[in-house]
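Participant: Here's a sequence, model it:
(chains A and B)
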2 protein chains.
Amino acid sequence: MRIAKDMAFHFEIIKKDNSSEARLGRIETDHGILSTPAFLPVGTQGTVKSLTPEELMEIGVEAILGNTYHLYLRPGHGTIGRLGGLHQFIHWEKPILTDSGGFQIFSLGSLRKISEEGVTFQSHLDGSPHFLTPEKVVEIQRVLGSDIAMVLDECAPYPSPYEYVKTSMERTSRWAKRSLKERRGTDPALFAIVQGGMYRDLREKSAQTLVEMEFQGYAIGGLSVGEPKSAMWDVLKWILPFLPKDLPRYLMGVGTPEDILEAVRLGVDFFDCVLPTRNARNGTLFTSSGKISIKQAQYAEDRRPVDETCACYTCCHYSRAYLRHLYLSKEILSSRLNTIHNLYYYINLLGKIKEAIQDGNFLDFYQSQTSRHGLERAISVHFQSH
Amino acid sequence: MRIAKDMAFHFEIIKKDNSSEARLGRIETDHGILSTPAFLPVGTQGTVKSLTPEELMEIGVEAILGNTYHLYLRPGHGTIGRLGGLHQFIHWEKPILTDSGGFQIFSLGSLRKISEEGVTFQSHLDGSPHFLTPEKVVEIQRVLGSDIAMVLDECAPYPSPYEYVKTSMERTSRWAKRSLKERRGTDPALFAIVQGGMYRDLREKSAQTLVEMEFQGYAIGGLSVGEPKSAMWDVLKWILPFLPKDLPRYLMGVGTPEDILEAVRLGVDFFDCVLPTRNARNGTLFTSSGKISIKQAQYAEDRRPVDETCACYTCCHYSRAYLRHLYLSKEILSSRLNTIHNLYYYINLLGKIKEAIQDGNFLDFYQSQTSRHGLERAISVHFQSH
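Facilitator: Now for the predicted structure:
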């Protein structure tokens, strides 16, 4: 257990699973506790799309993610800072993790240009030119007042040639060093991001280099970018042994319920992903017996809730027929009710994972879930590859 | 006081104002009480756009309006009936008024054709042909299970020539008679709709004819369709003396806070209008010192709530700066928070009106509000015209 001197950031492992790398933990921040394994809904522009903070809390959400790229462009971190910081601005008093904007900036393609000093890009909103450095990104997140900040990294596209990924990863490591140097004691906790594409030596080198720098936590970036699922598990298995056991591990932008189960088994502590919220707005709902598309004609007069085993607000009060009607009618309430259900599904899954680790039967739970989701074959193949 | 035999519909005047035609009343239905003067938010497609029923109740909404035209086309009244009726379908246990669809159908322009028997029209959704009669419209609202149903009427466009409006009004009266004949004792309360454009003799004739038929209430239709404000007040002053004092009076599709104050003074009991909800989604917010457009640059760093005298959820927790950010970012939460505020403003205004009538100082309140809204001149002109 490490406790940083100048800030309230503290990670503690409560219980380690005997039969896997899964761990039960808690992260303490100035804005409260995040119990891990955890899932952070994405609040891109200062709102988890369609929901209020009270609804997130009722669902059991303990922390959310904000996108530095989006908030920097609009309304601007200066504005948010002058208004008391991101928590006050958006009326969310619990922990906030902000990403570095790297993923969004590198997704801009031809609109951005990278140099050793930093990255130049054009705003997707108005085409205005911007230049961000690792130092500036630390400063922006300081002004936003987040609880966990991320270093500026380059997320190389998949697939990329070895030499490209090597150059990119090495620069990301140098940027990480500059970020740490910029960080003041009262700043948010700062996490490094392991990159290196799908190349084992680059991933290991990235992890080793970053671990030497003593960040408050480590993230795994550059996954769920189009690679085969097996590549994601390979990368995690390469990296995780290098990361400090007593620091939190964050798998960025992942993933499906099955991905989360698998990554927890391998030792990941928390996740963020747009999947449950974006799927909700597209009418795709998670249930205990698989995903359903609520727009299908078969639900036109279906008076059952989305999931008869679910206790969320949506399932307590509304039929599939009504949710289908709202979706087809493009009603705002459709996005709300679907988002509540999907996030509840995720938070409830994480709750069951925590309970299973606590009770010492995580692997049983893992197997019951994965077989239930029809993934037996994929998992058994994966087990053999160990 | 009249009590219909076969259904739970009962209107009672609790207090009559001494200095105006304003009345404090209550409508009892199978789904609870509507205290008048009242404002009904519009739930076009089975949802008051962006809000849940719990939020409506927290705001103090006692009844909502559903659009028969929209629900008939999608998901279909048959579907809603088989799912237990509109209240159960949309999870709203309080009173529902359904309109007849007349206004929407006649707004279709070239897509509809009227005959003595009924109206043929094409769906705005898929162009499919439909034929509705006064009897069918009563049946649809029976199947929806609303508490207050409206007769099929023709809302003549403004301006229309005298002969056109006369023919239309007379047919609307014949349709009202057929509607009443179709009505069963267990059906929703049925309201007639006074038409007749801006022509005094036609309006009076319409009112007289419909009052002879003994409906459970009377609505004033065909207003707020582009006519000058003074014409609306003229029509109300012509009609209201003809309507039974002991039955509820409903002014359809009206209006601004000032319109409501004025119409209450003239003796109207309740209203529906898309204004507060539609304005909310367009970023126009009602405040105690007038309307504001939340997108304006002046609010970029304004940490005040929309209205410092307002106790709604939005004003309790969010700054103008955040609401502006959500609006510019096209976030769903923008529509939600703005709608909560505007509906709260309306419901709160009606609450104050009721209190003022109860306390015997409605006219003082009326004058304080109208002068506050900078309408002194308009109102004084209106007073002179009495």
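
Participant: Please name the residues that touch A:T98.
Facilitator: Counting by Cβ atoms under 8 Å, 6 or more residues apart in numbering or on different chains, A:T98 makes contact with A:65-68, A:71, A:86, A:141, A:144, A:146, A:148-150, A:188. For every residue, glycine as well, the C-beta is placed using N, CA and C.

Participant: Chain B: which of the residues you listed is nearest?
Facilitator: If you rank the contacts of A:T98 by distance to chain B using Cβ to the nearest Cβ, A:L71 comes first, at 9.2 Å.

Participant: where does the stretch 251-386 of chain A dip in pLDDT?
Facilitator: Low-confidence segments of the stretch 251-386 of chain A, defined by pLDDT under 70: A:372-386.

Participant: ok, which stretches of it are helices?
Facilitator: In chain order, the stretch 251-386 of chain A shows helices spanning A:257-266, A:275-281, A:313-317, A:320-328, A:332-358, A:362-372, A:376-384, with DSSP state H, counting those that start in this stretch as the criterion.

Participant: CA atoms of the third one as PDB?
Facilitator: Spelled out, it's helix A:313-317. Once side chains and other backbone atoms are set aside, the C-alpha atoms of helix A:313-317 remain, and they are given as PDB (Å, rounded to 0.1, in the frame of the first residue of the first chain):
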ATOM      1  CA  TYR A 313     -36.200   1.700 -12.600                       C
ATOM      2  CA  THR A 314     -37.000   0.800 -16.200                       C
ATOM      3  CA  CYS A 315     -37.700  -2.800 -15.600                       C
ATOM      4  CA  CYS A 316     -39.800  -2.000 -12.600                       C
ATOM      5  CA  HIS A 317     -42.200   0.300 -14.500                       C
END
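
Participant: Is any residue of it near chain B?
Facilitator: Yes - for helix A:313-317, a contact with chain B is found by Cβ under 8 Å from any Cβ of the partner chain, at A:H317.

Participant: Show me what that helix is packed up against.
Facilitator: Helices and strands touching helix A:313-317, as assessed by 3 or more Cβ pairs under 8 Å, 6 or more residues apart in numbering or on different chains; DSSP states H and E, comprise helix A:332-358.

Participant: Which positions within the helix it packs on qualify as buried?
Facilitator: Applying a neighbour-count criterion of 16 or more other Cβ atoms under 10 Å in any protein chain shown, the buried positions in helix A:332-358 are A:332-350, A:353-354, A:356-357.

Participant: and the gap between the residue at the greatest distance from the centre of chain A and chain B?
Facilitator: Outermost residue of chain A with respect to the C-alpha centroid, by Cα atoms, centre = their mean, is A:E301; its distance is 36.3 Å. Taking Cβ to the nearest Cβ, to the nearest Å as the criterion, A:E301 is separated from chain B by 6 Å.

Participant: I'd assumed A:E139 was in a helix, is it?
Facilitator: Yes - the assignment for A:E139 (DSSP: H, G, I helix; E, B strand; the rest coil) places it in a helix.

Participant: Verify the contact between it and A:R183 for me.
Facilitator: No - in this structure, A:E139 is not within contact of A:R183 by Cβ atoms under 8 Å, at 9.8 Å.

Participant: Which one's more surrounded, those two?
Facilitator: Relative neighbour count places A:R183 above the other of A:E139 and A:R183, with 23 against 18, counting by other Cβ atoms under 10 Å in any protein chain shown.

Participant: Phi and psi next, for that one.
Facilitator: With angles defined as degrees, to the nearest 10, A:R183 shows backbone torsions of phi -70, psi 130.

Participant: contacting residues for it?
Facilitator: A:138, A:190.

Participant: What parts of chain A come near chain B?
Facilitator: Contact residues (Cβ under 8 Å from any Cβ) of chain A with chain B: A:45-47, A:49-52, A:74-75, A:79, A:82-84, A:89-91, A:300-301, A:303, A:317-319, A:321-322, A:324-326, A:328-329, A:331-333, A:335-336.

Participant: Can you select the buried ones among those for me in PyMOL?
Facilitator: Here is the PyMOL selection string for the buried members of these, based on 16+ other Cβ under 10 Å:
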select buried, chain A and resi 45+46+47+49+50+51+52+75+79+83+89+90+91+300+301+318+319+321+322+324+325+326+328+329+331+332+333+335+336
